[in-house]
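S.K.: give me a 3D structure for the following:
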Amino acid sequence: MKIPKATLCTLTASISCIVGVAEAGAFKVPIHRNERHRPNTRAHAFKTLKKYGHHHRLSPRAFGRQPVTDVENDVEYYGIVGIGTPPQMFKLDMDTGSSDLWVPSLKCDRHNIKCARHTRFNPSLSSTIVELQTPWKIGYGDGSTVSGHLAVDRIEFAEIAIENQLFGMADRESSSFLDDVVDGVFGLGFPSLSALIIENQKEAEAKAKGPISNTVLSSILNHELVPAPVFGVWLGNGDGPTTDPNGGDGEFIFGSIDTSRFEGELTFLPITNRKYWQIKVDGVKLDRQMDMSIHGDTIIDTGTTLLVFPIAHAKKINKAIGAVSDPWEGWVLPCDSNRVGSLDFEMGGSRFSVQRKDLVREQVKNKAGWCYSAVTATPGDVMIFGDVFIRNNYCVFDVEHLSIGLAPIRRQ
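M.R.: The predicted structure is shown next:
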(Lines give C-alpha, C1' and ligand atoms only; values in the text may rest on other atoms or scores of the structure.)
Protein backbone atom coordinates (compact mmCIF):
# COMPACT_ATOMS: atom_id res chain seq x y z
CA MET A 1 0.00 0.00 0.00
CA LYS A 2 1.40 3.42 -0.92
CA ILE A 3 1.34 6.11 1.71
CA PRO A 4 -0.57 9.18 0.56
CA LYS A 5 1.44 12.39 0.30
CA ALA A 6 0.59 14.53 3.27
CA THR A 7 2.14 17.16 5.48
CA LEU A 8 1.08 16.80 9.09
CA CYS A 9 1.70 19.72 11.44
CA THR A 10 1.54 19.50 15.22
CA LEU A 11 -0.63 21.77 17.27
CA THR A 12 2.23 23.43 19.13
CA ALA A 13 4.97 25.66 17.80
CA SER A 14 7.66 23.60 19.50
CA ILE A 15 7.12 20.69 17.15
CA SER A 16 7.67 21.12 13.43
CA CYS A 17 5.86 19.44 10.55
CA ILE A 18 6.37 15.82 9.60
CA VAL A 19 6.33 15.01 5.91
CA GLY A 20 4.66 11.64 5.37
CA VAL A 21 5.74 10.70 1.87
CA ALA A 22 6.40 7.08 1.04
CA GLU A 23 8.16 8.01 -2.17
CA ALA A 24 10.74 9.96 -0.16
CA GLY A 25 12.12 6.79 1.31
CA ALA A 26 9.94 5.64 4.20
CA PHE A 27 10.13 1.97 5.13
CA LYS A 28 7.42 -0.41 6.29
CA VAL A 29 8.00 -3.43 8.50
CA PRO A 30 5.02 -5.83 8.36
CA ILE A 31 4.12 -7.25 11.75
CA HIS A 32 2.99 -10.86 11.81
CA ARG A 33 0.45 -12.32 14.15
CA ASN A 34 1.67 -15.33 16.09
CA GLU A 35 -0.23 -18.24 14.50
CA ARG A 36 0.14 -20.27 17.68
CA HIS A 37 -1.16 -17.45 19.86
CA ARG A 38 -3.67 -18.36 22.52
CA PRO A 39 -4.90 -15.53 24.76
CA ASN A 40 -3.43 -15.68 28.26
CA THR A 41 -4.36 -12.55 30.18
CA ARG A 42 -2.83 -13.65 33.48
CA ALA A 43 0.44 -14.35 31.70
CA HIS A 44 0.30 -10.96 29.94
CA ALA A 45 -0.17 -9.23 33.28
CA PHE A 46 2.63 -11.10 35.00
CA LYS A 47 4.98 -10.61 32.05
CA THR A 48 4.40 -6.84 32.18
CA LEU A 49 5.12 -6.67 35.89
CA LYS A 50 8.32 -8.67 35.40
CA LYS A 51 9.40 -6.32 32.63
CA TYR A 52 9.13 -3.26 34.84
CA GLY A 53 10.33 -5.00 38.02
CA HIS A 54 7.08 -4.76 40.00
CA HIS A 55 5.79 -8.34 40.03
CA HIS A 56 7.56 -9.35 43.24
CA ARG A 57 5.66 -6.65 45.12
CA LEU A 58 2.25 -8.17 44.41
CA SER A 59 0.40 -9.98 47.16
CA PRO A 60 -1.43 -13.25 46.36
CA ARG A 61 -4.69 -11.41 46.97
CA ALA A 62 -3.93 -8.78 44.31
CA PHE A 63 -3.25 -11.21 41.51
CA GLY A 64 -4.00 -14.73 42.67
CA ARG A 65 -1.43 -17.42 42.21
CA GLN A 66 1.81 -16.76 40.48
CA PRO A 67 1.10 -18.44 37.11
CA VAL A 68 3.32 -20.89 35.28
CA THR A 69 3.39 -18.85 32.11
CA ASP A 70 3.26 -20.32 28.65
CA VAL A 71 5.19 -17.34 27.38
CA GLU A 72 4.72 -18.08 23.68
CA ASN A 73 1.14 -16.90 24.12
CA ASP A 74 2.32 -13.45 25.15
CA VAL A 75 3.71 -12.54 21.74
CA GLU A 76 1.09 -11.67 19.17
CA TYR A 77 3.14 -9.56 16.80
CA TYR A 78 6.68 -9.91 15.57
CA GLY A 79 8.83 -8.49 12.76
CA ILE A 80 11.28 -10.36 10.53
CA VAL A 81 14.83 -9.04 10.90
CA GLY A 82 18.00 -10.20 9.15
CA ILE A 83 21.40 -10.21 10.86
CA GLY A 84 24.73 -10.88 9.15
CA THR A 85 25.99 -11.27 5.56
CA PRO A 86 24.14 -13.05 4.07
CA PRO A 87 21.31 -12.27 6.49
CA GLN A 88 20.10 -14.89 8.96
CA MET A 89 16.41 -14.25 9.59
CA PHE A 90 14.83 -13.94 13.04
CA LYS A 91 11.37 -13.38 14.46
CA LEU A 92 11.83 -10.45 16.83
CA ASP A 93 9.52 -8.72 19.26
CA MET A 94 9.50 -5.07 18.14
CA ASP A 95 9.38 -3.42 21.53
CA THR A 96 9.19 0.30 22.32
CA GLY A 97 9.50 -0.58 26.03
CA SER A 98 13.13 -1.71 25.73
CA SER A 99 16.19 -0.56 23.80
CA ASP A 100 18.38 -3.54 22.97
CA LEU A 101 18.65 -5.96 20.06
CA TRP A 102 19.47 -9.56 20.96
CA VAL A 103 19.13 -13.05 19.48
CA PRO A 104 20.15 -16.56 20.61
CA SER A 105 23.65 -17.80 19.79
CA LEU A 106 24.68 -21.30 18.73
CA LYS A 107 25.93 -21.90 22.27
CA CYS A 108 22.47 -21.42 23.71
CA ASP A 109 21.26 -25.00 23.26
CA ARG A 110 24.34 -26.32 25.03
CA HIS A 111 22.89 -24.96 28.24
CA ASN A 112 19.26 -25.81 27.53
CA ILE A 113 17.97 -27.94 24.66
CA LYS A 114 14.83 -25.78 24.45
CA CYS A 115 16.90 -23.10 22.77
CA ALA A 116 17.08 -25.32 19.68
CA ARG A 117 13.44 -24.40 19.05
CA HIS A 118 14.61 -20.94 18.04
CA THR A 119 16.66 -19.65 15.15
CA ARG A 120 20.19 -19.18 16.52
CA PHE A 121 22.80 -16.87 15.07
CA ASN A 122 25.75 -18.67 13.48
CA PRO A 123 28.73 -16.27 13.29
CA SER A 124 30.67 -18.60 10.96
CA LEU A 125 28.06 -17.95 8.26
CA SER A 126 28.48 -14.18 8.29
CA SER A 127 31.33 -12.48 6.43
CA THR A 128 30.80 -9.22 8.33
CA ILE A 129 30.58 -10.42 11.95
CA VAL A 130 32.82 -8.90 14.62
CA GLU A 131 32.54 -10.81 17.88
CA LEU A 132 33.56 -8.94 21.02
CA GLN A 133 34.77 -10.43 24.27
CA THR A 134 32.57 -8.10 26.28
CA PRO A 135 30.07 -10.06 28.38
CA TRP A 136 26.46 -8.97 28.29
CA LYS A 137 23.55 -9.63 30.62
CA ILE A 138 20.04 -8.34 31.16
CA GLY A 139 18.38 -9.11 34.49
CA TYR A 140 14.67 -8.89 35.23
CA GLY A 141 12.77 -8.35 38.46
CA ASP A 142 12.01 -12.03 38.98
CA GLY A 143 15.66 -13.05 38.55
CA SER A 144 15.19 -14.27 34.97
CA THR A 145 18.06 -13.33 32.70
CA VAL A 146 19.54 -13.36 29.23
CA SER A 147 23.32 -13.39 29.00
CA GLY A 148 26.12 -13.96 26.55
CA HIS A 149 28.56 -11.76 24.66
CA LEU A 150 28.35 -8.77 22.37
CA ALA A 151 28.81 -8.72 18.62
CA VAL A 152 28.67 -6.23 15.77
CA ASP A 153 27.20 -6.99 12.36
CA ARG A 154 24.96 -5.80 9.56
CA ILE A 155 21.20 -5.86 10.14
CA GLU A 156 18.30 -5.62 7.69
CA PHE A 157 14.62 -4.94 8.27
CA ALA A 158 12.18 -3.94 5.54
CA GLU A 159 14.39 -2.06 3.07
CA ILE A 160 16.72 -0.62 5.71
CA ALA A 161 20.28 -1.90 6.11
CA ILE A 162 22.45 -0.81 9.03
CA GLU A 163 26.17 -1.52 9.15
CA ASN A 164 28.04 -2.09 12.42
CA GLN A 165 25.01 -2.58 14.65
CA LEU A 166 25.74 -3.74 18.20
CA PHE A 167 23.64 -6.67 19.40
CA GLY A 168 23.65 -9.30 22.08
CA MET A 169 24.32 -12.96 21.32
CA ALA A 170 22.47 -14.87 24.04
CA ASP A 171 24.39 -17.92 25.25
CA ARG A 172 22.01 -18.46 28.16
CA GLU A 173 18.30 -17.72 28.47
CA SER A 174 16.00 -18.33 31.39
CA SER A 175 12.85 -20.38 30.86
CA SER A 176 10.55 -17.43 30.11
CA PHE A 177 12.58 -16.67 27.00
CA LEU A 178 13.24 -20.28 26.04
CA ASP A 179 9.49 -20.91 25.91
CA ASP A 180 8.75 -17.78 23.88
CA VAL A 181 7.66 -18.09 20.25
CA VAL A 182 9.90 -15.20 19.16
CA ASP A 183 13.65 -15.62 18.83
CA GLY A 184 14.67 -12.36 20.49
CA VAL A 185 13.94 -8.69 20.99
CA PHE A 186 14.20 -5.65 18.69
CA GLY A 187 14.24 -2.74 21.14
CA LEU A 188 13.06 0.68 19.97
CA GLY A 189 13.45 2.55 23.24
CA PHE A 190 15.88 5.28 24.17
CA PRO A 191 19.64 4.62 24.51
CA SER A 192 19.49 5.52 28.22
CA LEU A 193 17.58 2.27 28.78
CA SER A 194 20.17 0.09 27.03
CA ALA A 195 22.04 -2.69 28.85
CA LEU A 196 24.51 -3.27 26.00
CA ILE A 197 27.72 -1.50 26.98
CA ILE A 198 31.04 -1.82 25.17
CA GLU A 199 34.00 -1.68 27.54
CA ASN A 200 36.40 -0.17 24.97
CA GLN A 201 34.47 1.61 22.24
CA LYS A 202 37.55 2.72 20.26
CA GLU A 203 39.06 -0.75 20.21
CA ALA A 204 35.76 -2.27 19.14
CA GLU A 205 35.32 0.29 16.36
CA ALA A 206 38.83 -0.46 15.14
CA LYS A 207 37.84 -4.13 14.80
CA ALA A 208 34.60 -3.18 13.06
CA LYS A 209 36.44 -0.69 10.82
CA GLY A 210 33.89 2.01 11.49
CA PRO A 211 31.57 3.64 14.07
CA ILE A 212 29.35 1.28 16.06
CA SER A 213 25.75 2.13 16.88
CA ASN A 214 24.63 0.81 20.24
CA THR A 215 20.86 0.87 19.66
CA VAL A 216 18.67 0.57 16.58
CA LEU A 217 17.08 3.93 17.34
CA SER A 218 20.45 5.69 17.39
CA SER A 219 21.50 3.83 14.24
CA ILE A 220 18.56 5.16 12.26
CA LEU A 221 19.22 8.72 13.40
CA ASN A 222 23.00 8.77 13.18
CA HIS A 223 23.11 7.25 9.70
CA GLU A 224 20.19 9.34 8.40
CA LEU A 225 18.66 6.22 6.91
CA VAL A 226 15.11 7.54 6.90
CA PRO A 227 13.64 10.81 5.58
CA ALA A 228 12.26 11.84 8.98
CA PRO A 229 13.20 10.74 12.52
CA VAL A 230 9.81 9.17 13.27
CA PHE A 231 8.12 5.80 13.11
CA GLY A 232 4.42 5.03 13.01
CA VAL A 233 2.77 1.96 14.51
CA TRP A 234 -0.50 0.35 13.50
CA LEU A 235 -1.68 -2.94 14.96
CA GLY A 236 -4.65 -4.64 13.33
CA ASN A 237 -7.59 -5.60 15.49
CA GLY A 238 -9.93 -7.21 13.00
CA ASP A 239 -12.27 -4.24 12.53
CA GLY A 240 -9.98 -1.73 10.82
CA PRO A 241 -8.75 -1.65 7.21
CA THR A 242 -7.69 -4.94 5.69
CA THR A 243 -4.23 -6.19 6.50
CA ASP A 244 -1.32 -4.89 4.50
CA PRO A 245 -1.12 -6.57 1.05
CA ASN A 246 2.57 -7.22 1.69
CA GLY A 247 1.62 -9.48 4.56
CA GLY A 248 1.22 -9.10 8.31
CA ASP A 249 -1.44 -7.97 10.75
CA GLY A 250 0.18 -4.66 11.61
CA GLU A 251 3.11 -2.51 10.67
CA PHE A 252 5.89 -0.27 11.87
CA ILE A 253 6.70 2.48 9.36
CA PHE A 254 10.12 4.07 9.76
CA GLY A 255 10.61 7.58 8.41
CA SER A 256 6.96 8.39 7.82
CA ILE A 257 3.38 7.57 8.77
CA ASP A 258 0.38 6.07 7.01
CA THR A 259 -2.49 8.56 7.04
CA SER A 260 -4.90 5.89 5.75
CA ARG A 261 -4.72 4.17 9.14
CA PHE A 262 -6.23 6.91 11.31
CA GLU A 263 -9.02 9.48 11.54
CA GLY A 264 -8.57 13.23 11.89
CA GLU A 265 -5.31 14.87 12.91
CA LEU A 266 -2.53 13.66 15.13
CA THR A 267 -2.21 15.14 18.61
CA PHE A 268 1.42 15.30 19.74
CA LEU A 269 2.33 14.97 23.40
CA PRO A 270 5.79 15.67 24.83
CA ILE A 271 7.81 12.89 26.45
CA THR A 272 7.90 13.28 30.25
CA ASN A 273 10.72 10.80 30.89
CA ARG A 274 13.54 10.32 28.37
CA LYS A 275 14.07 6.77 29.56
CA TYR A 276 10.70 5.58 28.22
CA TRP A 277 8.17 6.62 25.58
CA GLN A 278 6.19 8.19 28.41
CA ILE A 279 3.50 10.89 28.16
CA LYS A 280 0.96 12.58 30.41
CA VAL A 281 -2.66 11.48 30.87
CA ASP A 282 -4.94 14.30 32.04
CA GLY A 283 -8.00 12.23 32.82
CA VAL A 284 -9.86 8.92 32.41
CA LYS A 285 -13.59 8.52 31.83
CA LEU A 286 -15.92 5.60 31.18
CA ASP A 287 -18.35 6.06 28.29
CA ARG A 288 -17.32 9.74 28.13
CA GLN A 289 -19.31 10.46 31.30
CA MET A 290 -18.09 8.70 34.44
CA ASP A 291 -14.97 10.52 35.64
CA MET A 292 -12.48 8.10 37.16
CA SER A 293 -10.44 10.94 38.74
CA ILE A 294 -7.28 9.38 37.31
CA HIS A 295 -4.30 11.24 35.89
CA GLY A 296 -0.56 10.77 35.66
CA ASP A 297 2.07 9.44 33.27
CA THR A 298 1.76 6.45 30.96
CA ILE A 299 4.27 4.47 28.92
CA ILE A 300 3.21 3.60 25.36
CA ASP A 301 4.65 0.11 25.02
CA THR A 302 4.26 -2.14 21.97
CA GLY A 303 5.81 -4.98 23.98
CA THR A 304 2.97 -5.00 26.54
CA THR A 305 -0.49 -6.40 25.84
CA LEU A 306 -2.80 -4.99 28.51
CA LEU A 307 -3.78 -1.68 30.12
CA VAL A 308 -1.77 -1.45 33.32
CA PHE A 309 -2.72 0.94 36.15
CA PRO A 310 -1.62 1.55 39.73
CA ILE A 311 -3.57 -0.78 42.03
CA ALA A 312 -6.11 1.78 43.28
CA HIS A 313 -6.86 2.98 39.74
CA ALA A 314 -7.14 -0.56 38.35
CA LYS A 315 -9.60 -1.40 41.12
CA LYS A 316 -11.72 1.68 40.37
CA ILE A 317 -11.87 1.02 36.61
CA ASN A 318 -12.55 -2.70 36.94
CA LYS A 319 -15.42 -2.12 39.35
CA ALA A 320 -16.88 0.45 36.95
CA ILE A 321 -16.90 -2.04 34.05
CA GLY A 322 -18.38 -4.82 36.22
CA ALA A 323 -15.22 -6.80 36.98
CA VAL A 324 -14.54 -8.49 40.30
CA SER A 325 -11.29 -9.64 41.88
CA ASP A 326 -10.97 -13.40 41.92
CA PRO A 327 -8.46 -14.64 44.55
CA TRP A 328 -6.92 -17.05 42.02
CA GLU A 329 -7.45 -15.43 38.63
CA GLY A 330 -7.18 -11.67 39.25
CA TRP A 331 -9.74 -9.32 37.68
CA VAL A 332 -12.53 -11.10 35.81
CA LEU A 333 -15.91 -10.03 34.44
CA PRO A 334 -18.92 -11.72 32.86
CA CYS A 335 -18.22 -12.64 29.25
CA ASP A 336 -21.57 -11.11 28.27
CA SER A 337 -20.65 -7.76 29.85
CA ASN A 338 -21.70 -4.55 28.15
CA ARG A 339 -19.52 -4.18 25.05
CA VAL A 340 -20.98 -0.87 23.92
CA GLY A 341 -19.12 2.28 24.89
CA SER A 342 -15.51 3.00 25.67
CA LEU A 343 -12.82 3.73 28.22
CA ASP A 344 -11.65 7.24 27.36
CA PHE A 345 -8.33 8.94 27.98
CA GLU A 346 -7.93 12.71 27.87
CA MET A 347 -4.47 13.72 26.66
CA GLY A 348 -3.28 17.00 25.18
CA GLY A 349 -6.81 18.36 24.87
CA SER A 350 -8.00 15.36 22.85
CA ARG A 351 -9.78 12.10 23.67
CA PHE A 352 -8.41 8.66 22.84
CA SER A 353 -10.54 5.61 23.52
CA VAL A 354 -10.44 1.87 23.94
CA GLN A 355 -13.69 0.18 23.00
CA ARG A 356 -15.42 -1.72 25.78
CA LYS A 357 -15.41 -4.89 23.71
CA ASP A 358 -11.60 -4.83 23.89
CA LEU A 359 -11.74 -4.78 27.69
CA VAL A 360 -13.29 -8.27 27.71
CA ARG A 361 -10.66 -10.89 26.98
CA GLU A 362 -10.58 -14.69 26.83
CA GLN A 363 -12.72 -16.97 28.99
CA VAL A 364 -11.35 -18.09 32.33
CA LYS A 365 -10.73 -21.83 32.43
CA ASN A 366 -12.96 -23.71 34.87
CA LYS A 367 -15.07 -20.60 35.45
CA ALA A 368 -17.87 -20.77 32.91
CA GLY A 369 -19.27 -17.45 31.76
CA TRP A 370 -16.38 -15.40 33.10
CA CYS A 371 -13.63 -13.68 31.10
CA TYR A 372 -10.44 -11.86 32.01
CA SER A 373 -10.36 -8.08 32.15
CA ALA A 374 -7.87 -6.19 29.97
CA VAL A 375 -7.27 -3.81 32.89
CA THR A 376 -4.64 -5.04 35.30
CA ALA A 377 -2.63 -3.61 38.19
CA THR A 378 0.90 -2.62 39.09
CA PRO A 379 2.29 -1.51 42.46
CA GLY A 380 4.08 1.29 40.60
CA ASP A 381 2.71 4.77 39.98
CA VAL A 382 3.05 4.87 36.18
CA MET A 383 0.41 3.56 33.80
CA ILE A 384 1.37 1.37 30.83
CA PHE A 385 -0.73 1.37 27.66
CA GLY A 386 0.01 -1.74 25.63
CA ASP A 387 -1.44 -3.30 22.51
CA VAL A 388 -5.04 -2.99 23.76
CA PHE A 389 -4.61 0.78 23.50
CA ILE A 390 -2.47 0.76 20.34
CA ARG A 391 -5.01 -1.35 18.43
CA ASN A 392 -7.48 1.49 18.99
CA ASN A 393 -5.11 4.40 18.37
CA TYR A 394 -2.44 5.02 15.76
CA CYS A 395 0.88 5.93 17.39
CA VAL A 396 3.70 8.04 15.98
CA PHE A 397 7.01 8.02 17.86
CA ASP A 398 8.83 11.28 17.06
CA VAL A 399 12.48 10.89 18.02
CA GLU A 400 13.67 14.37 17.05
CA HIS A 401 11.06 16.25 19.05
CA LEU A 402 10.74 13.69 21.87
CA SER A 403 7.00 13.33 21.47
CA ILE A 404 4.28 10.83 20.65
CA GLY A 405 1.50 11.54 18.18
CA LEU A 406 -1.88 9.87 18.65
CA ALA A 407 -5.05 9.59 16.57
CA PRO A 408 -8.01 7.17 16.59
CA ILE A 409 -7.58 4.35 14.09
CA ARG A 410 -9.75 4.32 10.98
CA ARG A 411 -12.38 1.60 11.18
CA GLN A 412 -14.43 0.02 8.42
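S.K.: how about the helices of this protein, start to end?
M.R.: Ranges of helices in the chain, per DSSP state H, are 41-51, 60-63, 108-111, 175-178, 201-208, 216-222, 311-320, 387-390.
S.K.: quickly, which of those bottoms out on average pLDDT?
M.R.: Comparing mean pLDDT over the helices of the chain, the weakest stretch is helix 60-63, at a mean of 28.
S.K.: gap between the nearest residue to residue 210 once chain neighbours are set aside and residue 365?
M.R.: Spatial nearest neighbour of residue 210, excluding adjacent residues (C-beta to C-beta, 6 or more residues apart in numbering): residue 164 at 5.1 Å. For the C-beta atoms, the positions are set from N, CA and C on the backbone; glycine is no exception. Distance, residue 164 to residue 365, using C-beta to C-beta, to the nearest Å: 48 Å.
S.K.: higher neighbour count, the two?
M.R.: Set side by side, residue 164 and residue 365 show more neighbours around residue 164, with 20 against 8, by other C-beta atoms under 10 Å.
S.K.: contacts only, for that one.
M.R.: Applying C-beta atoms under 8 Å, 6 or more residues apart in numbering, one finds that residue 164 lies in contact with 130, 152, 153, 154, 205, 208, 210, 211, 212, 213.
S.K.: kindly recompute the last result at 7 Å.
M.R.: Taking C-beta atoms under 7 Å, 6 or more residues apart in numbering, we find residue 164 in contact with 152, 208, 210, 211, 212, 213.
S.K.: neighbours of the last one, how many?
M.R.: A total of 21 residues lie near residue 213 under the criterion other C-beta under 10 Å.
S.K.: and what of the first one?
M.R.: Residue 152: 24 surrounding residues under other C-beta under 10 Å.
S.K.: for it, which non-adjacent residue is closest in space?
M.R.: Distances taken as C-beta to C-beta, 6+ apart place residue 130 nearest to residue 152, at 4.3 Å, with adjacent residues excluded.
S.K.: what pLDDT is listed against that neighbour?
M.R.: Residue 130 is assigned 96 on the pLDDT scale.
S.K.: repeat for the one 3 residues further on
M.R.: At residue 133, the model reports a pLDDT of 82.
S.K.: contacting residues around it?
M.R.: Taking C-beta under 7 Å, 6+ apart as the criterion, residue 133 is in contact with residue 149.
S.K.: helix or strand with the lowest mean pLDDT in the chain?
M.R.: Using mean pLDDT, DSSP states H and E, helix 60-63 stands out as the lowest-scoring helix or strand of the chain, at a mean of 28.
S.K.: so can I have JSON lines of the contacts of residue 164 showing distance to residue 192?
M.R.: As requested, the contacts of residue 164 are arranged in JSON lines below (distance: C-beta to C-beta, whole Å):
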{"residue": "152", "distance to residue 192": "21"}
{"residue": "208", "distance to residue 192": "23"}
{"residue": "210", "distance to residue 192": "24"}
{"residue": "211", "distance to residue 192": "19"}
{"residue": "212", "distance to residue 192": "17"}
{"residue": "213", "distance to residue 192": "15"}
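S.K.: beta partners for the nearest residue to residue 216 once chain neighbours are set aside?
M.R.: Counting by C-beta to C-beta, 6+ apart, residue 216 lies nearest to residue 101, which is 5.8 Å off, once chain neighbours are set aside. Residue 101 has these beta-bridge partners by DSSP bridges: residue 186.
S.K.: residue 204 is in contact with residue 132, isn't it?
M.R.: Yes - between residue 204 and residue 132 there is a contact under C-beta atoms under 7 Å: 5.7 Å.
S.K.: give me the common contacts of these two.
M.R.: 152, 198.
S.K.: just for this structure, where's the confidence low?
M.R.: Where the chain drops to pLDDT under 70, the residues are 1-27, 29-76, 139-144, 222-223, 237-248, 412.
S.K.: domain parsing for it?
M.R.: When the chain is parsed with automatic domain parsing, its domains come out as 75-222, 259-408.
S.K.: can you redo the ones you listed as TSV with distance to residue 28?
M.R.: Formatted as TSV, the domains of the chain follow (distance: least, C-beta to C-beta, whole Å):
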stretch	distance to residue 28
domain 75-222	6
domain 259-408	11
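S.K.: of the ones you listed, which is nearest residue 236?
M.R.: domain 259-408 (7.3 Å; C-beta to C-beta).
S.K.: ok, the contacts of residue 164 vs residue 77, which is closest?
M.R.: Distances from residue 77 to those, taken by C-beta to C-beta, are shortest for residue 213, at 24.4 Å.
S.K.: who's in contact with that closest one?
M.R.: The contact partners of residue 213, taken as C-beta under 7 Å, 6+ apart, are 162, 164, 165, 166, 219, 222.
S.K.: show me which pair in these is furthest apart.
M.R.: Using C-beta to C-beta, those span at most 12.3 Å, a distance reached by 166 and 222.
S.K.: between those two, which is the more surrounded one?
M.R.: Set residue 166 next to residue 222 and count neighbours by other C-beta under 10 Å: residue 166 wins out with 29 against 13.
S.K.: what's across from that one in the sheet?
M.R.: Taking DSSP bridges as the rule, residue 166 bridges to residue 152.
S.K.: check contacts around residue 192.
M.R.: For residue 192, the contact set (C-beta under 7 Å, 6+ apart) comprises 274, 275.
S.K.: please name the bridge partners of residue 145.
M.R.: Applying DSSP bridges to residue 145 yields these beta-bridge partners: residue 139.
S.K.: I'd say it and residue 174 touch.
M.R.: Yes - the criterion here is C-beta under 7 Å, and residue 145 meets it with residue 174 at 5.4 Å.
S.K.: wait, doesn't residue 231 sit right on residue 398?
M.R.: No - contact status for residue 231 versus residue 398: not in contact, 8.8 Å apart, counting by C-beta under 7 Å.
S.K.: and the closest residue to residue 255 other than its chain neighbours, its phi and psi?
M.R.: Counting by C-beta to C-beta, 6+ apart, the nearest residue to residue 255 once its immediate chain neighbours are dropped is residue 226, at 2.9 Å. Per-residue torsions, residue 226: phi -130, psi 160 (degrees, to the nearest 10).
S.K.: alright, that wraps it up for me.
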